[in-house]
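[1] Return a 3D structure for these sequence lines:
(2 chains)
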Amino acid sequence: MSKTATSNKAQNEKITPRAQDFARWYQDVIMQAELAEPAEVVKGCMVIRPHGYAIWERIQAELDARFKATGHKNAYFPLLIPESFLKREAEHVEGFSPELAVVTIAGGEPLTERYVIRPTSETIIGHFYARWINSWRDLPLLINQWANVVRWELRTRLFLRTTEFLWQEGHTAHATEQEAQEEVLRMLNVYADVAENVMAMPVICGRKTRAEKFAGAVTSYCIEAMMQNGLALQAGTSHDLGQNFSKVFDIKFQNQAGTLEYAWQTSWGVSTRLIGGLIMTHSDDKGLVLPPKLAPIQAAFIPIYRKDEERSAVLEKVNQLAAELKSGGLQIEVDDREGFTPGSKFFHWEQRGVPLLIELGPRDLASGSVVLKRRDGQKQNASAAGLLETVRAVLDSMQSDLLAAAKKRLQENTVTANSFEDVAALLANATAEKGGGKFVAAHVKDDPACDAKLKELKASVRCIPLQDEYDGPGTCIITGESVPQRVIVAKAY
RNA sequence: CGGGCCGUGGCGCAGCCUGGUAGCGCGCUUGCUUGGGGUGCAAGAGGUCCCGGGUUCAAAUCCCGGCGGCCCGACCA
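    Numbering: from 1, shown residues only, chains lettered A, B, ... in the order given. Alright, predicted model coming up:
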């Protein structure tokens, strides 16, 4: 092996180390893993490449199954929304108007009523719910939509914030406020479940402050995750809409007593932003790392051989083992490409985040074994007999190890502070590029003035945790008033 | 949307200051070789130098305007 050749390759395809520049590292991982790239001819948009889309499809599958299991049905509403719809809910239009893209000309003629490209669908769905809901027997109405939305962003980052993105939006209507509130938390828990148990991304479930809540909601809930640089990522939201939209869209039903009532609504969503969170939770300086439960390819075989007779014997065994694993329900790739050395194949799959590489050559053939290389660990030998069970066990332990590592990082970088100055000091050196971010648990009043004050630190209240894991009530570090619990303050994406 | 940096074969870059035949590395193709962590050798293919205008005998290079990307800021889910 030539040293110059190696260093040339390294120089060309290197992934910037996290310690050097985390933001650059993030982009390098995406590019090297071929997950996505800037659309280039469409400002702020991205092309999600097949490998990136496969991850989205896995996330979709996990979520969709849970939506169905909780009684929801999928439907689809128009991409274009009459502009007047957005304007009906005052806070909603105020929140979204700066980021709307509007269609003004169609068929060569100016439109009498302009259409906005949906930034979210509460309004148009509200319009139809008003028609569909008449009786308490029509409730609850539990619908989800898989869709794209457009929000005109001034600054974009692949997956984390793009002008157009993919998401799901659940929209439900209920007969009582309590039912709606239960729904909001039920779906928040679905998000937390997928994040932690499938994506191995621990999250803090919480409530948003009044200043941070969704435009038009009564209360917004969220799951907040911590990235490897310590910055917070809002990974999902669930909103209690109260009767705000039902009042302006006239969504009324006759209750069992015969009187008309406005429906109680919720909406909840997660987006392709989750992929960004996934990347920044597990990946390393070698590239993407995917948790086994989410990986589109869970293991890849790398056959090793020299002579033709070795090749046929090795490939026969590899194909036999691959078939065994596939019949066990695993997603398996056999890399039998000619003209590539095993080493280059290792790098190829490693950069793409495949959890397990299975190496099999003449020596293994003779000894009836294989070599397993976990994406996050060392090589180990394993018997070819009973490989399915071995691989399942390895993938299971990798899944839990990734979650444990992420949880540990979250715990180690969560600190408490009892004064504004301490919060400021703790977050002073945190940046997206250099890391150093923390979750600071502090007592802060839910008051827009306090949110504004924290903004001076380029930080925000990420959430008011639903489960207070700290010390209960205390004195607000800004107003000095008594508040019921600590909140999470952090710099965020 | 403001400030900074950037845009040259697929990728990473040099060339630009001082205008004069478009280069290098990687990748790609073919053949041989090699194969247990980015094999080696050889021969090839591949470029509207982001776009438009201007200056000039001549523009990748100088000037103006746009488009796009990255970072910072403001804004935002």
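[2] ok, now how distant is the residue at the greatest distance from the centre of chain A from A:Ala173?
    Within chain A, the residue lying farthest from the chain centre (C-alpha atoms, centre = their mean) is A:Glu309, at 47.0 Å. For A:Glu309, the distance to A:Ala173 (C-beta to C-beta, to the nearest Å) stands at 68 Å. (Each C-beta comes from the backbone N, C-alpha and C, glycine too.)
[3] got the contact list for A:Met31?
    By C-beta atoms under 8 Å, 6 or more residues apart in numbering, the contact list for A:Met31 reads A:Glu37.
[4] Check whether the helix or strand encompassing it comes into contact with RNA strand B.
    If you go by DSSP states H and E, A:Met31 is part of helix A:22-32. Yes: counting by C-beta under 7 Å from any atom of the strand, RNA strand B is contacted by helix A:22-32 at A:23-24, A:27.
[5] List the buried residues of that helix.
    Buried positions in helix A:22-32, judged by neighbour count with 16 or more other C-beta atoms under 10 Å: A:22, A:25-32.
[6] With distance to A:Gly343 added, can I get those in TSV?
    Shown next, in TSV, are these (distance: C-beta to C-beta, whole Å):
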residue	distance to A:Gly343
A:Phe22	28
A:Trp25	23
A:Tyr26	26
A:Gln27	25
A:Asp28	20
A:Val29	20
A:Ile30	24
A:Met31	21
A:Gln32	16
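[7] model confidence over the helix holding A:Met31, on average?
    Helix A:22-32 carries an average pLDDT of 93.
[8] Parallel or antiparallel, which strands does the helix or strand just after that helix pair with?
    Counting by DSSP H and E, the next helix or strand C-terminal to helix A:22-32 is strand A:36-38. Paired strands of strand A:36-38, with direction, are strand A:46-48 (antiparallel) (DSSP bridges).
[9] Need the contact partners of the partner strand.
    Against strand A:46-48 from outside (C-beta under 8 Å, 6+ apart): A:35-39, A:56, A:158-159, A:162, A:166, A:272.
[10] With stretch A:102-111 instead?
    A:80, A:83, A:114-117.
[11] mind checking the end-to-end distance for it?
    The first residue of stretch A:102-111 is 11 Å away from its last residue (C-alpha to C-alpha, to the nearest Å).
[12] Correct me if wrong: A:Arg66 contacts A:Ala192.
    No: the criterion here is C-beta atoms under 8 Å, and A:Arg66 misses it with A:Ala192 at 11.1 Å.
[13] on that earlier part again, check for me that the residue farthest from the centre of chain A belongs to a helix.
    Yes: assessed with DSSP: H, G, I helix; E, B strand; the rest coil, A:Glu309 lies in a helix.
[14] Now do it, the pLDDT please.
    Note on A:Glu309: pLDDT of 89.
[15] ok, now A:His72?
    98.
[16] For it, list the residues it contacts.
    A:His72 neighbours (C-beta under 8 Å, 6+ apart): A:142-144, A:170, A:172.
[17] hmm, 6 Å instead?
    When contacts are counted by C-beta atoms under 6 Å, 6 or more residues apart in numbering, A:His72 is found next to A:142, A:144.
[18] Once you drop chain neighbours, what's closest to A:Trp56?
    The spatially closest residue to A:Trp56, leaving aside those adjacent along the chain, is A:Thr272, at 5.9 Å (C-beta to C-beta, 6 or more residues apart in numbering).
[19] Need phi/psi at the one you found.
    For A:Thr272, the backbone dihedrals (degrees, to the nearest 10) come out as phi -60, psi -10.
[20] shouldn't it be in contact with A:Thr162?
    No: A:Thr272 is beyond contact range of A:Thr162, at 7.9 Å (criterion: C-beta atoms under 6 Å).
[21] Domain ranges for chain A, per the record?
    A:16-282, A:299-409, A:414-490 (automatic domain parsing).
[22] Would you list the phi and psi of A:Thr219?
    The phi/psi pair for A:Thr219 (degrees, to the nearest 10) is phi -140, psi 140.
[23] tell me the pLDDT at it?
    We have a pLDDT of 97 for A:Thr219.
[24] related to what we said a few turns ago, next, work out how far apart the residue farthest from the centre of chain A and A:Pro362 are.
    10 Å.
[25] Check the burial of A:Lys293 by counting its neighbours.
    Number of residues near A:Lys293 (other C-beta atoms under 10 Å) recorded here: 20.
[26] any idea which element A:Ala323 lies in?
    helix A:308-327.
[27] what's that helix packed up against?
    Packed against helix A:308-327 by the contact rule (3 or more C-beta pairs under 6 Å, 6 or more residues apart in numbering; DSSP states H and E) you find strand A:299-303, strand A:332-334, helix A:387-412.
[28] tell me what the shortest one is packed against?
    Taking 3+ C-beta pairs under 6 Å, 6+ apart as the contact definition, the neighbouring helices and strands of strand A:332-334 are strand A:299-303, helix A:308-327.
[29] quick one: which of those is nearest A:Pro342?
    Among these, the nearest to A:Pro342 by C-beta to C-beta is strand A:299-303 (5.3 Å).
[30] Show me the shaky parts of chain A.
    In the prediction, chain A carries residues with pLDDT under 70 at positions A:1-13.
[31] same thing but 80
    A:1-14 (pLDDT under 80).
[32] Smallest gap between the stretch 201-350 of chain A and RNA strand B, at which residue?
    A:Gly343 (2.6 Å; C-beta to the nearest atom of the strand).
[33] For that residue, pull up the helix or strand it's in.
    Assessed by DSSP H and E, A:Gly343 sits inside helix A:342-351.
[34] After that helix, heading C-terminal, what element do we hit next?
    strand A:356-360.
[35] Now do that next one: which elements does it pack against?
    Against strand A:356-360 (3+ C-beta pairs under 6 Å, 6+ apart) you get strand A:299-303, strand A:369-374.
[36] Run through the helices of the stretch 51-200 of chain A in chain order.
    A:83-88, A:90-96, A:122-132, A:177-197 (DSSP state H, counting those that start in this stretch).
[37] Which stretch among those is buried most, on average?
    helix A:122-132 (a mean of 21; mean count of other C-beta atoms under 10 Å).
[38] on contacts alone, who are the packing partners of that helix?
    Against helix A:122-132 (3+ C-beta pairs under 6 Å, 6+ apart) you get helix A:83-88, helix A:244-249.
[39] Mind putting those helices into CSV with distance to RNA strand B?
    Putting the helices and strands packed on helix A:122-132 into CSV (distance: least, C-beta to the nearest atom of the strand, whole Å) gives the following:
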stretch, distance to RNA strand B
helix A:83-88, 13
helix A:244-249, 15
